[in-house]
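Student: Provided below for reference: sequence and predicted model.
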Amino acid sequence: MHGASTTAGARTAADKHTSVVFSTDAEWADHLVSFVRAGLRDGEQVQYFADGTAPELVTRALTRHGVDAVSAVRRGQLVVTTAAETYLAGPCFDPDAMVGLWHEAVASAEAHGYTGLRAIGEMSWGARDVAGAERLLEYELRIHHEVFDPLPLTAWCFYDRRLLPRDVLDVLVGAHLTRRGAPDPSPRTPALRVAPLADRPGLRLEGTAGYESRRVTASAAAAVSGSPAERMTLDLTRLDHLDVAALADIARAAVRRPSPVPVRIVGAPPSLTRMLELFPELNRGLEVAGR
C-alpha cells in the first residue's frame, strides 16, 4: 500500500477521510508507515493520536521500517500523543469542539510552513465507557463536509477489529466513503447504515430505520441538526423501512437546524409519504422531493 502522491488540498473529502480496519500488529504497522511516509515526503505535519497503543511504539515501528521518526519528532513535523491528552481530555467528547480543533490544528500547521496536516486517530475508545462516545457516529458523519471539504487535512481513522464489537465497527466504518484494510472474512451488513453524501451536505440512509437501529438513527438526526450547512439533503433511495419514531427523530432534528431552509428528502419510500399525511406536524422542516 502506498501513500497518495498529491497533497491533501488536491483531493476530495472522500479521499481525505478514510477508515482503516486491521486485525494484527503487522497490518497496523503497514498502514502507519505508508501514511506517515507520504506526509513527511509531501511537507505535511503528521499527528498520531494513540489510544490502545503506547506512543513510543508508534515511533519505534516507524524507525524499524526505515522512517526517521526521531528527527521528524525533533523538528515538530511528527507529533505523537494520545486521545486522552487531547480531544478526550475534557469532560466529554464533543463533535462541535472537535470541528473547531481541526480548523485550529490545520491553521497552526500552515503557520509553521507545512503544506497541510495529516492525522491518524485510534478509535477504539468509541466502544468504551467514555463520556460522549455515543456521539462518535455523529462526528464521523459531520466532518466529511465541515472539516475535510474546506481544509488541507487528510485523516485515517484506525479501527482495530480486536478492540471493537462487530456491530459498532460495522456502523462506524460505514460512515466513511473511503475504506482501507483487509476484507472482513465474514461480512455482515448492519440493519441501518448511514454515510455522508459525496457531492453535497447530507446523508444517505440504507437499510432499516426501526427499533433495532434506534441509536444509529439518533446519531443521523444529531448530524442533521448539528450541520451548519444552509441546505441539507437526505437520500433515502436505499432505505427499506422507516418507522414513525425514526421519522420523528429526523423531523425534530430538521426543525432544530440553524438554517431555515427545509431538509430536502429524495428517494422517499411510500411509507414516509403516508406517515407525513397521518402526522402532518412532522412535515415542518422537511421538503420531500416529488410531493
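Tutor: That came through, no problem. Numbering: from 1, shown residues only.
Student: buried stuff in stretch 211-222?
Tutor: Using 16 or more other C-beta atoms under 10 Å as the test for burial, stretch 211-222 gives 213, 216-222. For the C-beta atoms, the positions are set from N, CA and C on the backbone; glycine is no exception.
Student: right, I mislabeled it, should have said stretch 245-256
Tutor: Quick answer for stretch 245-256 (16+ other C-beta under 10 Å): 246-251, 253-254.
Student: kindly report the same for stretch 179-189.
Tutor: Neighbour-count burial for stretch 179-189 flags 180-181 (criterion: 16+ other C-beta under 10 Å).
Student: now do the SS call for residue 118.
Tutor: Classification of residue 118 using DSSP: H, G, I helix; E, B strand; the rest coil returns strand.
Student: and if you look at residue 215?
Tutor: Strictly by three-state DSSP, residue 215 counts as helix.
Student: next one: phi and psi at the nearest residue to it once chain neighbours are set aside?
Tutor: Counting by C-beta to C-beta, 6 or more residues apart in numbering, residue 215 lies nearest to residue 134, which is 7.2 Å off, once chain neighbours are set aside. Backbone geometry at residue 134, expressed as degrees, to the nearest 10, gives phi -70, psi -10.
Student: surely residue 134 is in contact with residue 216?
Tutor: No - with contacts counted by C-beta atoms under 8 Å, residue 134 stays clear of residue 216, the gap being 10.9 Å.
Student: in this protein, which spans are strands?
Tutor: 17-22, 45-50, 78-82, 117-122, 153-160, 178-181, 192-196, 202-209, 233-235, 239-242, 263-266, 286-288 (DSSP state E).
Student: could I get those strands in CSV, plus columns for mean pLDDT and distance to residue 138?
Tutor: Below are the strands of the chain laid out as CSV (pLDDT from 0 to 100; distance: least, C-beta to C-beta, whole Å):
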stretch, mean pLDDT, distance to residue 138
strand 17-22, 97, 15
strand 45-50, 98, 19
strand 78-82, 97, 22
strand 117-122, 98, 16
strand 153-160, 98, 14
strand 178-181, 96, 19
strand 192-196, 97, 10
strand 202-209, 96, 11
strand 233-235, 98, 15
strand 239-242, 93, 19
strand 263-266, 97, 16
strand 286-288, 96, 19
